[in-house]
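[1] Return a 3D structure for these sequence lines:
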Amino acid sequence: MLKKTLLAVALGAPLLLPAGPAEAQRNTNEQVLIIFGNDACPRDTICVRRSEGERYRIPQELRRVKPSPENQSWAVRARSMEYVGASGINSCSPSGAAGWTGCYQQMLRQAREERRAREAGEIPQGQ
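    Below you'll find the predicted structure:
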């Protein structure tokens with residue numbers, strides 16, 4: 001019985017201590033209000049004024065500058081993974097059966113592009 005009482009006192013003692021300065025700092029009552037355009041700022045309130053064009057937009061802090069990978073569509077992911085680990089036919093790799101066919105396709109594609117550029121006058125005839 002004595003052990004239980006001592007245990008209860010030991011566990012309950014920290015609850016009787018007053019809150020320290022860290023706890024007091026956490027409970028600040030600062031009110032910051034974002035207002036738009038020519039709206040009035042209430043008294044006893046800190047106001048941040050933004051343009052009227054920002055009123056119905058997602059707040060700037062929450063807007064993402066660049067798309068994150070988890071928000072990309074499956075089509076974009078599939079396109080980026082199209083040639084990962086490609087080997088074999090039409091791959092232009094030294095490994096796998098018939099990897100040379102892809103190299104041949106690349107060479108033909110490059111020759112066609114050069115011919116079109118030469119005919120359009122983008123590349124001089126002597127080169």
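[2] Please parse this protein into its domains.
    When the chain is parsed with automatic domain parsing, its domains come out as 29-58, 86-122.
[3] Looking at those domains, which is nearest to residue 71?
    domain 29-58 (13.9 Å; CB to CB). Heads up, the C-betas are built off the backbone N, CA and C, glycines and all.
[4] out of the domains of the chain, deepest packed?
    domain 86-122 (a mean of 12; mean count of other CB atoms under 10 Å).
[5] avg pLDDT for that domain?
    The pLDDT scores in domain 86-122 average 79.
[6] same check, this time on stretch 50-68
    In this model, stretch 50-68 has a mean pLDDT of 82.
[7] Tell me which residues are up against it.
    Stretch 50-68 has contacts (CB atoms under 8 Å, 6 or more residues apart in numbering) with 34-38, 71.
[8] which residues does residue 34 contact?
    47-50, 59.
[9] In which helix or strand does it reside?
    Assigned by DSSP states H and E, residue 34 falls within strand 32-36.
[10] Let's see that strand as CSV, backbone CA atoms only.
    Extracted in CSV, the C-alpha atoms of strand 32-36 (Å, rounded to 0.1, in the frame of the first residue of the first chain):
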residue,chain,number,x,y,z
VAL,A,32,-2.6,38.2,-37.7
LEU,A,33,-5.2,38.8,-40.3
ILE,A,34,-4.7,38.8,-44.0
ILE,A,35,-6.8,41.5,-45.7
PHE,A,36,-7.2,42.2,-49.4
